[in-house]
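Enquirer: model the structure of this input:
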Amino acid sequence: MKILVPIKRVVDYNVKVRPLSDNSNVDLNNVKMAVNPFCEIALEEAVRLKESGKASEIIAVSVGKSESQEQLRTALALGADRATLIETDSLLEPLAIAKVLQKVVNDEKPDLIILGKQAIDGDNNQTGQMLAALLDYPQATNASEVLLDETSVKVTREIDGGLQTLELTIPAIITTDLRLNEPRYASLPNIMKAKKKELNVISATEMGIDIGSRTELLSVELPPSREAGIIVESVDELVDKLKNEAKVIQ
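Expert: Numbers count the residues shown, from 1 in each chain. From the prediction side, this is the model:
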């Protein structure tokens, strides 16, 4: 069984991002980049399925600039067997990424596609759903448990009312939530081995796909600073302020 795991290069979650001086975009100069945390969870789940004998090959794929090879090498060190970079200098929207991944899926014909439910930069939570629609594959989003057999996969997902379990016929698409697993760290021997694993680079322009933007980024700004709170002397004063100033109670 073959598993495809799309991953994305994002700003490390420990870094506090800032806009450029002209507010045209996020300042990425000298900023530490990393694999999107939700993508790490997707990759970890694929590796666990392979370790349990239920999968034979894991392919990591990324869509982005040449620098994304660094994150693909990390994916190889974490357990992926080979990797593919669809190279483009443009920042693609979810629909364009889904179209690119559709072409990759048609070429690779994986049995399962596991990807993070969202990226921590755009927070769109759209690519998995769009890819499922383009491929006409069954999908399960926000997975917190995955049980795979030869012809189907059972996915438990968290919903507002509790837990929902879906059974999907393979091939299928799963997007991962935070509670699915705890990603491992890459060991030094595996990092060294990853340097020898296959990493293909394909230009996005050679795929014959419309990846043009449908939206335009106007500006990037920090949220307004929050005003300092006040200390009240009594419950009566608190109630008065909530009623007459904040107007949150009648």
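Enquirer: okay, and the beta partners of V155?
Expert: V146, L166 (DSSP bridges).
Enquirer: using the three-state scheme, assign V10.
Expert: Under the three-state scheme (DSSP: H, G, I helix; E, B strand; the rest coil), the conformation of V10 reads as strand.
Enquirer: identify the bridge partners of it.
Expert: On the basis of DSSP bridges, V10 is bridged to A34.
Enquirer: who's in contact with it?
Expert: 33-36, 119-121 (Cβ atoms under 8 Å, 6 or more residues apart in numbering). From N, CA and C alone the C-beta is placed, and that goes for glycine too.
Enquirer: and of the residues you listed, the nearest to R9?
Expert: M33 (5.5 Å; Cβ to Cβ).
Enquirer: tell me the contacts of the closest one?
Expert: So M33 contacts 9-12, 67, 70-71 (Cβ under 8 Å, 6+ apart).
Enquirer: any chance of a ChimeraX selection covering the buried ones in those residues?
Expert: Here is the ChimeraX command that selects the buried residues among those (16 or more other Cβ atoms under 10 Å):
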select :9,10,11,71
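Enquirer: follow-up on the earlier one: so which of the contacts of V10 is the closest to V248?
Expert: I120 (31.6 Å).
Enquirer: run a quick neighbour tally on the closest one.
Expert: I120: 17 surrounding residues under other Cβ atoms under 10 Å.
Enquirer: dump the contacts of V10 into TSV; add pLDDT and distance to T156 as well.
Expert: Output for these, formatted as TSV (pLDDT from 0 to 100; distance: Cβ to Cβ, whole Å):
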residue	pLDDT	distance to T156
M33	91	32
A34	93	28
V35	94	24
N36	95	22
A119	92	23
I120	90	23
D121	88	28
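Enquirer: who wins for most neighbours among the residues you listed?
Expert: V35 (25 neighbours).
Enquirer: which residue packs closest to that residue, ignoring adjacent ones?
Expert: Of all residues not flanking V35 in the chain, Q71 sits nearest, at 4.8 Å (Cβ to Cβ, 6 or more residues apart in numbering).
Enquirer: could you dump the contacts of M33 into a markdown table with distance to A55 and pLDDT added?
Expert: Listed next are the contacts of M33 as a markdown table, based on distance: Cβ to Cβ, whole Å; pLDDT from 0 to 100:
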| residue | distance to A55 | pLDDT |
| --- | --- | --- |
| R9 | 24 | 94 |
| V10 | 26 | 93 |
| V11 | 30 | 91 |
| D12 | 29 | 91 |
| E67 | 28 | 93 |
| E70 | 25 | 94 |
| Q71 | 21 | 95 |
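Enquirer: closest to P19 among the contacts of M33?
Expert: V11 (12.5 Å).
Enquirer: relative to V155, how far out is Q139?
Expert: 9 Å (Cβ to Cβ, to the nearest Å).
Enquirer: actually, Y13.
Expert: Y13 sits 25 Å away from V155, taking Cβ to Cβ as the criterion.
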